[in-house]
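Colleague: The amino acid sequence is not available; the structure is as follows:
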């Protein structure tokens with residue numbers, strides 16, 4: 001029985017090799033962006049902690065707002081990477 005698409009073994013191996021390289025890059029990118037998003041989340045939480053120890057009201061509001069933005073952005077990135 002002859003194959004219907006006419007691919008030989010070398011063409012199939014080349015296609016599989018290209019797809020494996022692409023999948024490896026995708027997985028590496030996923031791991032990299034996940035680590036960066038987790039690190040950014042920790043930085044956002046550190047901004048909240050820093051806001052608790054400031055004496056100025058303006059600094060408290062600024063650090064709390066920055067912590068909210070950074071933590072929210074990192075959580076959104078994690079959502080996009082893993083659940084969307």
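Modeller: Arrived safely, thanks for sending. All values derive from a computational prediction rather than experimental measurement.
Colleague: Show the contacting residues for residue 74.
Modeller: Residue 74 sits next to 37-38, 40-41, 44 when contact means Cβ atoms under 8 Å, 6 or more residues apart in numbering. In short, each C-beta sits where N, CA and C put it, glycine included.
Colleague: can you do 6 Å?
Modeller: 37, 40-41 (Cβ atoms under 6 Å, 6 or more residues apart in numbering).
Colleague: just curious, which of those is nearest to residue 82?
Modeller: Nearest to residue 82 among these: residue 37, at 9.5 Å, using Cβ to Cβ.
Colleague: I'd like to know which elements the host helix or strand of the closest one is packed against.
Modeller: Residue 37 is part of helix 9-52, with elements assigned from DSSP states H and E. Using 3 or more Cβ pairs under 6 Å, 6 or more residues apart in numbering; DSSP states H and E, the elements in contact with helix 9-52 are helix 57-82.
Colleague: Tabulate the contacts of residue 74 (JSON lines), appending pLDDT and distance to residue 13.
Modeller: Shown next, in JSON lines, are those (pLDDT from 0 to 100; distance: Cβ to Cβ, whole Å):
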{"residue": "37", "pLDDT": "96", "distance to residue 13": "36"}
{"residue": "40", "pLDDT": "96", "distance to residue 13": "41"}
{"residue": "41", "pLDDT": "96", "distance to residue 13": "42"}
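Colleague: Out of those, who's the most crowded?
Modeller: With neighbours set by other Cβ atoms under 10 Å, the maximum within the contacts of residue 74 is found at residue 37, which has 20 neighbours.
Colleague: Would you check that that one makes contact with residue 78?
Modeller: Yes - using Cβ atoms under 6 Å, residue 37 is in contact with residue 78, at 4.8 Å.
Colleague: one step back: can you give me the angle the helix holding residue 37 makes with helix 57-82?
Modeller: 160 degrees (axes from the mean of the first three to the mean of the last three Cα atoms, to 10 degrees).
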